[in-house]
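Enquirer: Fold the following and give me the result.
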Amino acid sequence: MAKKRWGGLAVAGAFLLTKGKVILALLKFSKFGGTLISFGVSLLFYAQVFGVWFGVGLLYLLFIHEMGHLLAAKRLGFKTGPAIFVPFMGAVIGIKDTFRTPKQEAILAYGGPLAGLVSLIPLAIGYAVTGNDFWLVIFHLGALLNLFNLLPVSPLDGGRILAGLPIIVWVAGLAALIAYGLTNFSLILLLIAFFGGSAVWKRYKFAKQYEANRSTLMLYRAARERVLLAKAEQERANAEVALAPEVEEEQTVESTYDPIAWSLRLDLQDLRQASPEEARQEADDLLRYQYDAANDYDALLRRIDQRIEPLRLAEESVQYHQMPKKQQTITLLAYLALGAILFIAFEYSKGYLPTPS
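Expert: All right, here's what the predicted structure looks like:
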């Protein structure tokens, strides 16, 4: 039987390489070409392993789930790409915009499992009307897939929904996933745990970095504003010299005194004195940079920007994950409610599943 299925896959592949070229060419120019092609390829693989109808049912679940993400993205005004199916990995919707708040990320992530819950309704009706176990099996699978997706681990939907909550939520979800993945050995689960662990570590590292360097970041930003002011003063002075009438050489007196650079140095010294102890070393470095750069303010700005950039990324990460308390409560309640309904559907349908003969 297995040989027959894989033989069918080979025949289908040969068709796509010959006669199917015309179809592929037409689909390529279609708005949904990528979706249809990936759907067909996934169906071929699933059909060989699980059978055609099970493959259709699985792709139905994946498609509705991704359409939930798509509708949520459209509601947020995000630009999206078509749904692409990946055999044995699921499906994905391309999001061409960046989340600005954890609330936006939560709304988009919530749309998938919510649509997945809705997708169970036709399956329940189909089972109630026909009594065919096929509908029940796909119903149970849909509840399981969407419930699994609600695990609070990034990059699963659950982790993205709860991105605005304290990091301990991600840690708890990651620990549960690792424990389950080790006791019920699964490479896919451990791979998800790897990505989830990377996300937890990155968020933790940024939080610690920002906490330790908050004063330093404030120092650099204040210094940058002062350097920009000095640069503007220097540019005005240069423009005035260029517009002034030429003076004979014997009347010019060279001077090493630069009032703009000296004023900047005094201001940087004042910044050092006003900075807390943990930022004094960076303030001393700034004074050395200013001395080395002389009146090359662009070079000084580049040095400051190099120091600001990693601290800015840490600050953005911390601020992004700070959702207001009210939004946290609403998000958590919505998450728990959806998870509870899916869990009930999963457990209820499990009791009616046909027993293997």
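Enquirer: Show me the shaky parts of the stretch 201-350 of the chain.
Expert: Scanning the stretch 201-350 of the chain for pLDDT under 70 picks out 244-257.
Enquirer: Helices along that one, start to end?
Expert: Ranges of helices in the stretch 201-350 of the chain, per DSSP state H, counting those that start in this stretch, are 259-274, 280-293, 297-320, 325-350.
Enquirer: right, so of those helices, which gets closest to V200?
Expert: Closest to V200 of the helices of the stretch 201-350 of the chain is helix 297-320 (CB to CB; 12.1 Å). For glycine as for every other residue, the C-beta is placed from the backbone atoms N, C-alpha and C.
Enquirer: Only the buried residues of that closest one, if you could.
Expert: For helix 297-320, the neighbour count (16 or more other CB atoms under 10 Å) marks 297, 300-301, 303-304, 307-308, 311, 314-315, 317-318, 320 as buried.
Enquirer: gap between the residue lying closest to R226 once chain neighbours are set aside and V227?
Expert: Nearest residue to R226, sequence neighbours excluded (CB to CB, 6 or more residues apart in numbering): D267, at 5.1 Å. As judged by CB to CB, to the nearest Å, D267 and V227 stand 9 Å apart.
Enquirer: of the two, who's got more company?
Expert: Neighbours of D267 and V227, each counted by other CB atoms under 10 Å, are more numerous for V227; the result is 23 against 17.
Enquirer: where do the contact lists of D267 and V227 overlap?
Expert: Shared contacts of D267 and V227, defined by CB atoms under 8 Å, 6 or more residues apart in numbering, are absent.
Enquirer: and the residue nearest to L300 when sequence neighbours are not counted, what does it touch?
Expert: Leaving out its chain neighbours, the residue that sits closest to L300 by CB to CB, 6+ apart is A293, at 4.4 Å. Applying CB under 8 Å, 6+ apart to A293 gives the contacts A299, L300, R303.
Enquirer: P87: what's its closest spatial neighbour, skipping adjacent residues?
Expert: By the measure of CB to CB, 6+ apart, the closest residue to P87 outside its immediate chain neighbours is F45, 4.1 Å from it.
Enquirer: mind checking pLDDT for the one you found?
Expert: F45 is assigned 76 on the pLDDT scale.
Enquirer: Is it in a helix, a strand, or coil?
Expert: Under the three-state scheme (DSSP: H, G, I helix; E, B strand; the rest coil), the conformation of F45 reads as helix.
Enquirer: For it, grab the count of nearby residues.
Expert: By the other CB under 10 Å criterion, the neighbourhood of F45 contains 16 residues.
Enquirer: do the same with the one 10 residues further on
Expert: As a burial measure, G55 scores 19 neighbours (other CB under 10 Å).
Enquirer: again with the one 10 residues further on
Expert: Here the neighbour count serves as a burial measure; for H65 (other CB under 10 Å) it reads 28.
Enquirer: and the next element down the chain from the helix or strand that it is a member of?
Expert: For H65, the host element (DSSP states H and E) is helix 52-75. Using DSSP H and E, the next helix or strand after helix 52-75 towards the C-terminus is strand 80-86.
Enquirer: Can you list the buried residues in that next one?
Expert: Along strand 80-86, these residues count as buried under the neighbour rule (16+ other CB under 10 Å): T80, P82, A83, I84, F85.
Enquirer: Nearest to L332, out of the residues you listed: which one, please.
Expert: Closest approach to L332 among the buried residues of strand 80-86 (CB to CB): T80, at 26.8 Å.
Enquirer: for that closest one, what are its contacts?
Expert: Contact criterion CB under 8 Å, 6+ apart gives L70, A73, K74, I93, G94, I95, K96 as the residues in contact with T80.
Enquirer: rerun at 10 Å
Expert: Taking CB atoms under 10 Å, 6 or more residues apart in numbering as the contact definition, T80 lies against H69, L70, L71, A72, A73, K74, I93, G94, I95, K96, D97, L108.
Enquirer: Need those in TSV (columns: neighbour count).
Expert: Compiled in TSV, those are given as follows (neighbours: other CB atoms under 10 Å):
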residue	neighbour count
H69	24
L70	22
L71	16
A72	22
A73	22
K74	13
I93	22
G94	13
I95	17
K96	9
D97	13
L108	27
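Enquirer: Where does the closest residue to L70 other than its chain neighbours sit: helix, strand or coil?
Expert: Distances taken as CB to CB, 6+ apart put I93 closest to L70, at 5.3 Å, once the chain neighbours are dropped. With three-state DSSP as the basis, the three-state label of I93 is strand.
Enquirer: just the one 5 residues further on next, same as before
Expert: Here T98 is coil, with the state taken from three-state DSSP.
Enquirer: Return the distance of the residue nearest to L136 when sequence neighbours are not counted relative to V118.
Expert: Closest residue to L136 in three dimensions, ignoring its sequence neighbours and counting by CB to CB, 6+ apart: Y127, at 4.8 Å. Y127 sits 16 Å away from V118, taking CB to CB as the criterion.
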